[in-house]
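>>> Starting from these lines, generate the structure:
(chains A, B, C and D)
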Protein chains: 2
Amino acid sequence: MKKTPTQERSRQTVEALIEATARTVAEKGWANTTTNHIAERAGVSVGSLYQYFENREQLFAALIEREISLVTQKLDEQIPFMLKADAPTAIRAALEVAFAYFESNEKLFTELANNWQATGRTDFVDAFEAYMLDAMRMFMAQNYAAYEPLDLNTLSFIMSNATMFVLSRFVSRKPKGVSKEALIAHITELYALYFKSRERK
Amino acid sequence: MKKTPTQERSRQTVEALIEATARTVAEKGWANTTTNHIAERAGVSVGSLYQYFENREQLFAALIEREISLVTQKLDEQIPFMLKADAPTAIRAALEVAFAYFESNEKLFTELANNWQATGRTDFVDAFEAYMLDAMRMFMAQNYAAYEPLDLNTLSFIMSNATMFVLSRFVSRKPKGVSKEALIAHITELYALYFKSRERK
DNA sequence: GGGATATGTGAATGTTTATTCGCTTTCAAG
DNA sequence: CTTGAAAGCGAATAAACATTCACATATCCC
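As a prediction, this is how the structure comes out:
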């Protein structure tokens, strides 16, 4: 962020700008979202926008960050429960959180999923991957006696990316012949079978 | 395509344009690829470009189509082998084809992976999904006695999307702590375990 | 050959928007 | 109350490119 807002007034401006971006993106798509329109919608001038954001793209990045932080917050809430549960239950719980989030604003989420890559920034997903790796480490630490050693780096890389993109594609495309329930069930089983195969006998 | 080239000369022009697009995209990225530059590089005028493509984006779409057709061709070559093999062997063979393709031109592939979504077109991946579903159906038909009925729609949706995006992300990001070999081994096992669990006893 | 059709040309156009900057208003501290 | 910093303003700018079009050349077919 170009300039850090110190007063309350400006903090609200920044928030209003991000929220206006979210709404506009959900409505018209990121490609058709202009800085002037965002500013207008946020009830401030374009000049103010450029006080806090270097450029148009940084605004989009800020929006993504806000959304990711929302999801991880939701996931955090489930962690105590997941740590006590067995693998299939924990996996399903995480999937359901992700689904609920995607469904809370499909249009916005689809736009984010379709455009974040074009920003050239990878830190968004990197952060999420790191979060998942961490979560899996915690789970394993809790259940260390039950499983053989796993290559968690590879496993979490696969699982976080696979899940993220499969869900994102499901929500944005609504494929025929695939129901939400079947999707959750299959992904859960796919992962759970792997863990089961690594249980100490 | 705006106008279909009938003479040999124009067919070469179209090819030159797509090839010029591929090279430029690999070098500078799609965002920095201008129509004028493509035309120049292809050795034709911008006007000619617009004889055969409605707009800049259609050129990008044509490039993606070309690349997808290249991969499916490579996969086709493996199909006879895969049909005779067991599930893990078949899965691994497909993964290796995909990897070989991605590695043949990482920069180009990464750009395609990062920008196809912004075109708003879904048919590219839809076609690939359909291809995978078909391949799985063939495999199952060949081995129908060995497995319980599977929800192939859901399964192929998950597997094709998961694989595509995990590999694409691996190639474009080179994550620490994850090797190509480990990745292939884990994905193979993940899927193979699922099939195994559905074997008739 | 010659008419018709296909292909090729590239300077000029026009539109679109991100970004700037000189100026005003608001705030907070002393 | 004063004053310097923070926040806000929005008309004007400026650059970038995609796309067009009036004209030229090549190819095909009779």
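>>> Spell out which residues of chain A are next to DNA strand D.
A:3, A:5-7, A:9-10, A:12-13, A:43-48, A:50-51 (CB under 7 Å from any atom of the strand). Any C-beta I mention is one placed from the backbone N, CA and C, and that applies to glycine too.
>>> of those residues, buried ones?
Applying 16 or more other CB atoms under 10 Å in any protein chain shown to the residues of chain A next to DNA strand D, the neighbour count classes A:10, A:13, A:44, A:48, A:50-51 as buried.
>>> Residue B:17: which of the residues you listed is nearest?
residue A:50 (38.3 Å; CB to CB).
>>> Phi first, then psi, for residue A:144.
For residue A:144, the backbone dihedrals are phi -60, psi -30 (criterion: degrees, to the nearest 10).
>>> count of residues packed around it?
9 (other CB atoms under 10 Å in any protein chain shown).
>>> now the one 5 residues further on
The local packing count at residue A:149 equals 8, with neighbours defined by other CB under 10 Å.
>>> Could you do residue A:148 as well?
Residue neighbour count, defined by other CB under 10 Å, stands at 9 for residue A:148.
>>> Starting from residue A:162, give me the distance back to it.
22 Å (CB to CB, to the nearest Å).
>>> and the nearest residue to residue A:175 once chain neighbours are set aside, what helix or strand is that in?
Of all residues not flanking residue A:175 in the chain, residue B:157 sits nearest, at 5.7 Å (CB to CB, 6 or more residues apart in numbering or on different chains). Residue B:157 belongs to helix B:152-173 when assigned by DSSP states H and E.
>>> Kindly export that helix (C-alpha atoms) in CSV.
Taking Å, rounded to 0.1, in the frame of the first residue of the first chain, the C-alpha atoms of helix B:152-173 are listed here in CSV:
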residue,chain,number,x,y,z
LEU,B,152,-17.0,-41.7,-13.5
ASN,B,153,-18.4,-38.3,-14.1
THR,B,154,-17.4,-37.1,-10.7
LEU,B,155,-14.2,-39.0,-10.7
SER,B,156,-12.9,-37.8,-14.0
PHE,B,157,-14.0,-34.3,-13.2
ILE,B,158,-11.9,-34.4,-10.1
MET,B,159,-8.9,-36.2,-11.6
SER,B,160,-8.6,-34.2,-14.8
ASN,B,161,-8.9,-30.8,-13.0
ALA,B,162,-6.8,-31.7,-10.1
THR,B,163,-4.0,-33.1,-12.2
MET,B,164,-4.1,-30.3,-14.7
PHE,B,165,-3.8,-27.6,-12.1
VAL,B,166,-1.4,-29.3,-9.8
LEU,B,167,1.0,-30.0,-12.6
SER,B,168,0.6,-26.5,-14.0
ARG,B,169,1.3,-25.0,-10.7
PHE,B,170,4.2,-27.2,-10.1
VAL,B,171,5.8,-26.3,-13.4
SER,B,172,5.2,-22.6,-13.1
ARG,B,173,6.3,-22.3,-9.5
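>>> helices and strands around that helix, which ones?
Applying 3 or more CB pairs under 8 Å, 6 or more residues apart in numbering or on different chains; DSSP states H and E, we find helix B:152-173 packed against helix A:152-173, helix A:180-197, helix B:87-104, helix B:106-115, helix B:123-142, helix B:180-197.
>>> Could I have the CA atoms of the second one written out in PDB?
The reference is to helix A:180-197. Extracted in PDB, the C-alpha atoms of helix A:180-197 (Å, rounded to 0.1, in the frame of the first residue of the first chain):
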ATOM      1  CA  LYS A 180     -21.800 -31.100  -4.700                       C
ATOM      2  CA  GLU A 181     -22.400 -34.100  -2.400                       C
ATOM      3  CA  ALA A 182     -20.700 -36.500  -4.700                       C
ATOM      4  CA  LEU A 183     -17.800 -34.200  -5.100                       C
ATOM      5  CA  ILE A 184     -17.200 -33.800  -1.400                       C
ATOM      6  CA  ALA A 185     -17.600 -37.500  -0.900                       C
ATOM      7  CA  HIS A 186     -15.100 -38.400  -3.600                       C
ATOM      8  CA  ILE A 187     -12.500 -36.000  -2.600                       C
ATOM      9  CA  THR A 188     -12.800 -37.000   1.000                       C
ATOM     10  CA  GLU A 189     -12.500 -40.600   0.200                       C
ATOM     11  CA  LEU A 190      -9.600 -40.000  -2.200                       C
ATOM     12  CA  TYR A 191      -7.600 -38.300   0.500                       C
ATOM     13  CA  ALA A 192      -8.700 -40.500   3.300                       C
ATOM     14  CA  LEU A 193      -7.700 -43.700   1.500                       C
ATOM     15  CA  TYR A 194      -4.200 -42.300   1.200                       C
ATOM     16  CA  PHE A 195      -4.000 -41.700   4.900                       C
ATOM     17  CA  LYS A 196      -5.500 -45.000   5.700                       C
ATOM     18  CA  SER A 197      -2.900 -46.700   3.600                       C
END
